[in-house]
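K.L.:
give me a 3D structure for the following:
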Amino acid sequence: MNLITTLNVNGQSTDNMQEIETQIYQHFQNIFGRGSQTWGKLNASNWTPSEKVTEEENITLTVPFSEEEVLSAITSMSADSAPGPDGIPIFSTLNFGILLKKIS
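P.N.:
As a prediction, the model looks like this:
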């Protein structure tokens, strides 16, 4: 279980759970809340060079899924699970022979 037991707030450490929850909520509200002009305040300076995805890693991460990968993922799932918001269980996809393919 992950638990934040202390948090540094404005240079002072606190273990007050209510204060910790409030500060975390406010932090993310400031970044992603509706009050900002943009969706978020993320930019390249948020990460050090060693934390950034390299061009080579980016190429690897953006390769389209192969048909084999999709089929492997579908067949490895529990038959009664519903992976999407539509609630359709995966056995329906397998039983009716619907395979996800890129339409070309």
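
K.L.:
so, low pLDDT: which residues of the chain?
P.N.:
In the predicted model, the chain carries pLDDT under 70 at residues 1, 34-41, 92-104.

K.L.:
need phi/psi at Leu3.
P.N.:
phi -150, psi 130 (degrees, to the nearest 10).

K.L.:
distance of it relative to Asp15?
P.N.:
Remark: distance between Leu3 and Asp15 (C-beta to C-beta, to the nearest Å) = 11 Å. (Glycine included, C-beta is placed from N, CA and C.)

K.L.:
and these two? which has more neighbours close in?
P.N.:
A count of neighbours by other C-beta atoms under 10 Å puts Asp15 above the other of Leu3 and Asp15, at 10 against 6.

K.L.:
with adjacent residues omitted, what lies nearest to the more buried one?
P.N.:
Thr6 (4.9 Å; C-beta to C-beta, 6 or more residues apart in numbering).

K.L.:
OK, contacts around the one you found?
P.N.:
Residues near Thr6 by C-beta atoms under 8 Å, 6 or more residues apart in numbering: Ser13, Thr14, Asp15, Ile20.

K.L.:
could you identify the buried members of those?
P.N.:
Buried members of these, scored by 16 or more other C-beta atoms under 10 Å, are Ile20.

K.L.:
mind checking which of the contacts of Thr6 land in strands?
P.N.:
Taking DSSP state E, the ones among the contacts of Thr6 that sit in strands are Ser13, Thr14.

K.L.:
can you pick out the most distant pair from the contacts of Thr6?
P.N.:
Greatest spatial distance in the contacts of Thr6: Ser13 and Ile20, 10.4 Å, computed using C-beta to C-beta.

K.L.:
so for those two, which residues contact both of them?
P.N.:
Overlap of the contact sets of Ser13 and Ile20 (by C-beta under 8 Å, 6+ apart) consists of Thr6, Leu7.
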